[in-house]
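Q: coords please:
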Amino acid sequence: MKTYYRSAIFVASFLTVVASDIDAARAADLSGPSTRGPAPAPVIKPYEFTVFAYGWAAGLKGNVASLPPLPAVNIDLGFDKVIKNFEGGIMGAAELRFGRILFDADIMYTRIGGAVNPRGPFFDRVSLKTTSFIGTALAGYRLVDDPSYTLDVMAGVRGYSLSTKVTTSSRVPALNLVGRETESWVDPMIGAKARINLTRSFYVTSWALIGGFDAGSKLSWDVFGGVGYSFNDQMSAVIGYRAMGIDYARNGYVYDVVQKGPMTAFVFRF
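A: Numbering: from 1, shown residues only. Here you go, the predicted structure:
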């Protein structure tokens, strides 16, 4: 009987030691360094692609001449009248970024028609119809890449193709005219853009471009400032104000106009 008890005590002690070793091994596996090797590194995308779908309710103000040798017609259309006379258009932009290197593209195609307010003794009424295509291609470098703000510098070209039709009405029969003109040219452009993250969701963004320098236009410029809200890492919305100026004159054709008005955009990142 004593031998039986001794054997039972020995077996119980052995099982207790084995159980303790198993528990210790489990605890070490949970709290200590893994014996399965390091966890895989997070996947970092080599690029970021962003698409901007925007609408710009831009008014027109300036001088347009397509009936030489008659003087230029002064136009002043607020964005409310432009919307009323808007006949169609496509607007969008995209950016492809590899690290600090980026490439930007912007396309605007619009058709606007309507009566303008003539000044001077020549005309009683002037109707203007413009079809414009403006395409921009820029390459840039991110000077500052901080979680709270970014700053990019850019350079490239902006191409214009403007078709203008001016119809005049006057008490002088000889001044009842119709003029059509289409001009195309390319401007060199330089500029910068910035973004400041105010919170996890809200941010401010802006850009400024200038160009022409008599290579195409005498001077062209484009500025924007707005506030954005990020719904998530892939989608955000922006609302702001944009102004763009074009001062072009060649062979009697004049297009010296400033477009400005509110702009909204939806931004998608991939």
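Q: restricting to C-alpha, output stretch 202-219 in CSV.
A: Output in CSV follows, covering the C-alpha atoms of stretch 202-219 (Å, rounded to 0.1, in the frame of the first residue of the first chain):
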residue,chain,number,x,y,z
PHE,A,202,-10.6,70.3,-41.8
TYR,A,203,-7.8,71.9,-43.9
VAL,A,204,-7.1,75.0,-46.0
THR,A,205,-5.6,74.8,-49.4
SER,A,206,-4.4,77.3,-52.0
TRP,A,207,-2.4,77.8,-55.2
ALA,A,208,-1.0,80.6,-57.2
LEU,A,209,0.3,80.5,-60.8
ILE,A,210,1.7,83.2,-63.1
GLY,A,211,2.9,83.0,-66.7
GLY,A,212,2.7,84.3,-70.2
PHE,A,213,5.6,86.7,-70.1
ASP,A,214,4.9,87.7,-73.7
ALA,A,215,5.6,84.1,-74.9
GLY,A,216,1.9,83.8,-75.6
SER,A,217,-0.1,86.1,-73.4
LYS,A,218,1.3,89.3,-72.1
LEU,A,219,0.4,88.0,-68.7
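Q: number the residues from 268 up from this point.
A: Will do, 268 is the new start, and the previous item becomes stretch 469-486.
Q: what comes up buried for it?
A: Taking 16 or more other CB atoms under 10 Å as the basis for neighbour counts, the residues of stretch 469-486 that come out buried are 470-472, 474, 476-479, 483-484. For the C-beta atoms, the positions are set from N, CA and C on the backbone; glycine is no exception.
Q: hey, where'd the strands end up in the stretch 418-537 of the chain?
A: 445-464, 469-478, 486-497, 502-517, 520-536 (DSSP state E, counting those that start in this stretch).
Q: quick one: closest of those strands to Gly366.
A: Among the strands of the stretch 418-537 of the chain, the nearest to Gly366 by CB to CB is strand 520-536 (15.6 Å).
Q: okay, the angle between the closest one and strand 469-478?
A: With axes from the mean of the first three to the mean of the last three CA atoms, to 10 degrees as the criterion, the two stretches strand 520-536 and strand 469-478 enclose an angle of 150 degrees.
Q: show me what strand 520-536 pairs with in its sheet, parallel or antiparallel.
A: The partner list of strand 520-536 in its sheet, established with DSSP bridges, is strand 315-323 (antiparallel), strand 326-332 (antiparallel), strand 502-517 (antiparallel).
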